[in-house]
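Here is a sequence together with a model predicted from it:
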Amino acid sequence: MLNKSLDTMDPNILLSLVNTKLRDSYSSLELLCDDIDIEKHKIIEKLKTIGYDYDESQNQFK
C-alpha cells in the first residue's frame, strides 16, 4: 500500500506514518522498509523535501 502511493502521498502525512511505525513497531528504518517492501532511499528522499532527515540513534525523522 505505502509503496504504491509514496510518489503521490503528501510528505507530511508520510512523516507522520513513518515516525509512528518506527516508534510503535520497528527498531530501525531498514526493518520497516524490508517489511513494507520499499527502498529506504525513497522514503529518505521524500522526507528531505520537507526538511526532515533520519536520525538513526533516535529511530525517527526530525
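Noted; the coordinates are in hand. Residues are numbered from 1 along each chain as shown.

drop to CA atoms for contacts and neighbour counts, all remaining ones
Noted.

Phi, psi for D55 please.
Main-chain torsions, D55, degrees, to the nearest 10: phi -100, psi 100.

show me the residues around the closest residue to it other than its chain neighbours that make contact.
By the measure of CA to CA, 6 or more residues apart in numbering, the closest residue to D55 outside its immediate chain neighbours is F61, 5.8 Å from it. For F61, the contact set (CA atoms under 8 Å, 6 or more residues apart in numbering) comprises L15, N19, Y52, D53, Y54, D55.

Tell me what F61 is bridged to.
Y54 (DSSP bridges).

For it, give its distance to T8.
Distance, F61 to T8, using CA to CA, to the nearest Å: 19 Å.

Just the pLDDT for S5.
Per-residue confidence (pLDDT) for S5: 84.

Below-threshold pLDDT in the chain: ranges please.
1-4 (pLDDT under 70).

Nearest the geometric middle of the protein, what residue?
V18 (4.1 Å; CA atoms, centre = their mean).

I'd like to know how far that residue sits from Y54.
Counting by CA to CA - V18 and Y54 are separated by 11 Å.

got it, and D24?
D24 is 16 Å from Y54, by CA to CA.

Please apply the same query to L29.
For L29, the distance to Y54 - CA to CA - is 8 Å.
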